[in-house]
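Undergrad: Here's my sequence, what's the structure:
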Amino acid sequence: MMQTTVIILYAVLSLVTLAAYGRDKVASTRGAWRTRESTLLWLAAAGGFAGAIIGTQIFKHKTRKLAFRVIPWLAAVVHLAAWVLIKRG
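TA: Residues are numbered from 1 along each chain as shown. The predicted structure is shown next:
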């Protein structure tokens, strides 16, 4: 039960992060209000790393910035490692 809840939480965070990347991309092309880079990176680090990785690829957004290429993947590794450690008990 707890595992299912956590998976749903990851999915929701990823969808929120993906939407944030999409919204920021549209804003960047229109010269509108932008989402802070730190907010996008924190969303990835908090568990929305899948949405960040997918959003970077789909929207071709933030692809030149090293932090946006590294932090989502690093977050994925850290979260996976935490799950392995939790499962080992």
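
Undergrad: hey, let's count contacts and neighbours off CA atoms from now on
TA: OK.

Undergrad: burial measure for residue 44, as a count.
TA: Neighbour count of residue 44, defined by other C-alpha atoms under 10 Å: 27.

Undergrad: which residues does it contact?
TA: Contacts for residue 44 (C-alpha atoms under 8 Å, 6 or more residues apart in numbering) come out as 14, 17, 50, 51, 52, 71, 72, 75.

Undergrad: What helix or strand is the fourth one located in?
TA: Read it as residue 51. helix 49-59 (DSSP states H and E).

Undergrad: Which residue ranges of the protein form helices?
TA: 2-30, 37-43, 49-59, 66-88 (DSSP state H).

Undergrad: From the chain's centroid, how far away is the second one?
TA: Shown here is helix 37-43, whose average C-alpha point lies 8 Å from the average C-alpha point of the whole chain (C-alpha atoms, centre = their mean, to the nearest Å).

Undergrad: How about the last one?
TA: Using C-alpha atoms, centre = their mean, the distance from the centre of helix 66-88 to the centre of the chain it belongs to is 11 Å.

Undergrad: And for the longest one?
TA: For helix 2-30, the distance between its averaged C-alpha position and the chain's averaged C-alpha position is 7 Å (C-alpha atoms, centre = their mean).

Undergrad: Kindly calculate the angle that that helix makes with helix 49-59.
TA: 30 degrees (axes from the mean of the first three to the mean of the last three C-alpha atoms, to 10 degrees).

Undergrad: tell me what helix 2-30 is packed against?
TA: Contact here means 3 or more C-alpha pairs under 8 Å, 6 or more residues apart in numbering; DSSP states H and E; on that basis helix 2-30 packs against helix 37-43, helix 49-59.

Undergrad: List the buried residues for the first one?
TA: Right, helix 37-43. Residues of helix 37-43 classed as buried under the neighbour-count rule (16 or more other C-alpha atoms under 10 Å) are 40, 41, 42, 43.

Undergrad: Could you name the helices and strands sitting against it?
TA: helix 2-30, helix 66-88.
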